[in-house]
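Participant: what shape does this take:
(chains A and B)
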There are 2 protein chains.
Amino acid sequence: MMHLKPYLAEKREIVDRALESCFPPPAGPAGDVVRAMTYSLFAGGKRLRPILCIAGAEATGGRAEDVLPAACALEMIHTYSLIHDDLPVMDDDDLRRGKATNHKVFGEAIALLAGDGLLTEAFAVLAGMSLPVTTSPNALTRVIRWVSEAAGYRGMVGGQVADIQSEGTPPDEERVRFIHTHKTADLITVSSVCGAVLCGAHEEWIDALTAYGRGIGLAFQISDDILNIEGDRGTLGKKVGSDVERGKVTWPAVFGLEESRRAREDLVRGALDALNPLDHRADPLRAVARYIVERQR
Amino acid sequence: MMHLKPYLAEKREIVDRALESCFPPPAGPAGDVVRAMTYSLFAGGKRLRPILCIAGAEATGGRAEDVLPAACALEMIHTYSLIHDDLPVMDDDDLRRGKATNHKVFGEAIALLAGDGLLTEAFAVLAGMSLPVTTSPNALTRVIRWVSEAAGYRGMVGGQVADIQSEGTPPDEERVRFIHTHKTADLITVSSVCGAVLCGAHEEWIDALTAYGRGIGLAFQISDDILNIEGDRGTLGKKVGSDVERGKVTWPAVFGLEESRRAREDLVRGALDALNPLDHRADPLRAVARYIVERQR
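Facilitator: Numbers count the residues shown, from 1 in each chain, chains lettered A, B, ... in the order given. Purely as a prediction, here's the structure:
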């Protein structure tokens, strides 16, 4: 069995270097937006989505360096979603990963625009990347389309809307499945698979990674729900108990804590099964799946 | 000399049909975001950017139907920027094109997400389009990159940030040039040129359209500034005098009204000169340039 911690630390380092190289030093009349974008981008994220992208590429014979721009783009999209989500008109959070949220530091207008800027830059970085010569040029537009669908109104944005609209409504199975799938799992799914697509992996492996991503994506959000109930504020770096306070539709609210833990384990087991067509090079993905059950933040 | 009005009406109709076909009927837990996105998308816009995209394609021998997805994407990006711009944390406008602004109808959270959704969907539509067989496949990623740079922190978002940060500061030539170029001219430039790129136009024509777009883009924003001073509220469908009220850095604030009118005419003349390498098929672009000087809304 592989050791996940050093693997994650190594990849996180690679991703951080790549993200740093994406932005110029803040300067000129619009310097503040670069300051605001990079503030949240380097506020201590786990880099789960970029690492999934890299691990998915490596699991299918690709190389990390070939997919780094895509890895960075996914983290930019994730970060934009957090900045907008924290705004007073949304969740109104002051603290994220133990640090002041973007609008607390830069003001709401700049935070709004920093989110817009990160989302847009993600597509600039994706469209500007070059593929391994063995990959069909169509792979890049396929990935851009997939990422934008996973992030947009059919995916993450749609999940956010359903999440907000459902606050205070009675817990409902169909609804929580919709919210969690789109708000969280869609972007995690495309993160798990796009590295492999960009490296020209064949369709059987792409299908395997897609099923893996769906499973861990949903499991990840269920973990978030569970941690919001029984997590430690210090370790999490954000408020605990806020979901109940806001009347959010969560997995535990619908199924209870015990059943939520079981669902998470089933989903992770399914994700591991989905990886069966892949050899030992997929071990980091297997370790990430197990980590989702065990994580404390 | 060609008649612009029927040309604009015809193209606007084509663009509207194409935009309608981009969205499903609002349904499900996230139906409200589709409702909000399409509300602003069909709130009476001039469709200037899509029409420039189509006219640029046709000016270089391409066909409107081949660039319609790009035309729609540009209008989505423009519309997202208006929705976010109207939010209370930004310009706090209640009225846009004579109709209630998005957040007035759907609330601030949904308006924020509708903007996010439109921006993201623009890239889904772009990445999903198919090119004429004679165009190099690289043209599409080149356009996606160009569009995202023009819309993001190097372009429109950067211009917005500079615009906000400059409110109440002394009028300054370098700053107003920065704001207007990025806030407005960058997206108009890429609108003028991307249709031609997607149809495989050669570089000389692409350069001509780029110069044209820069000229009319800046002229267009100067017109906006002038109309904000001496326009008619009823015709404009929005507030007049708000720039002075907010201490915005505008062309008239820096140079005066008379000099602003002259600058606008010089820019339009330069844009027309830039089109010299193009034949009569560029006449709609020439007519649009003249319209920018004469427009009342």
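
Participant: pLDDT at the closest residue to A:Leu118 other than its chain neighbours, what is it?
Facilitator: The shortest distance from A:Leu118 to any non-neighbouring residue, by C-beta to C-beta, 6 or more residues apart in numbering or on different chains, is to A:Tyr80 (3.9 Å). Heads up, the C-betas are built off the backbone N, CA and C, glycines and all. On the pLDDT scale, A:Tyr80 is placed at 98.

Participant: what do you get for A:Lys238?
Facilitator: For A:Lys238, the predicted pLDDT is 69.

Participant: follow-up on the earlier one: you'd agree the residue nearest to A:Leu118 is up against A:Gly115?
Facilitator: Yes - with contact defined as C-beta atoms under 8 Å, A:Tyr80 reaches A:Gly115; the gap is 4.3 Å.

Participant: which residues are in contact with each of the two?
Facilitator: Counting by C-beta atoms under 8 Å, 6 or more residues apart in numbering or on different chains, the residues touching both A:Tyr80 and A:Gly115 are B:Asp116.

Participant: who has more neighbours out of these two?
Facilitator: More neighbours surround A:Gly115 than the other of A:Tyr80 and A:Gly115, with 31 against 28 (other C-beta atoms under 10 Å in any protein chain shown).

Participant: who touches A:Ala289 in this structure?
Facilitator: Here A:Ala289 is in contact with A:Tyr212, A:Gly215, A:Ile216, A:Ala219, A:Val268, A:Ala271, A:Leu272 (criterion: C-beta under 8 Å, 6+ apart).

Participant: adding secondary structure and neighbour count, write these out as TSV.
Facilitator: Below are the contacts of A:Ala289 laid out as TSV (DSSP: H, G, I helix; E, B strand; the rest coil; neighbours: other C-beta atoms under 10 Å in any protein chain shown):
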residue	secondary structure	neighbour count
A:Tyr212	helix	30
A:Gly215	helix	27
A:Ile216	helix	32
A:Ala219	helix	27
A:Val268	helix	26
A:Ala271	helix	27
A:Leu272	helix	17
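
Participant: okay, now the unreliable bits of chain A?
Facilitator: A:1, A:236, A:238 (pLDDT under 70).

Participant: what's the helix or strand for the residue most central in space within it?
Facilitator: Geometric centre of chain A, nearest residue: A:Arg49, 4.5 Å, by C-alpha atoms, centre = their mean. Using DSSP states H and E, A:Arg49 maps to helix A:48-59.

Participant: cool, and A:Ser260?
Facilitator: Using DSSP H and E, A:Ser260 falls in helix A:257-274.

Participant: beyond that helix, next helix or strand please.
Facilitator: helix A:283-294.

Participant: next, the angle helix A:257-274 makes with that following helix.
Facilitator: 170 degrees (axes from the mean of the first three to the mean of the last three C-alpha atoms, to 10 degrees).

Participant: and the angle for helix A:283-294 with helix A:48-59?
Facilitator: 150 degrees.

Participant: for helix A:283-294, list every residue counted as buried.
Facilitator: A:Asp283, A:Pro284, A:Leu285, A:Arg286, A:Ala287, A:Val288, A:Ala289, A:Tyr291, A:Ile292, A:Val293 (16 or more other C-beta atoms under 10 Å in any protein chain shown).

Participant: isn't the residue nearest to the centre of chain A right up against A:Glu75?
Facilitator: Yes - in this structure, A:Arg49 is within contact of A:Glu75 by C-beta under 8 Å, at 6.0 Å.
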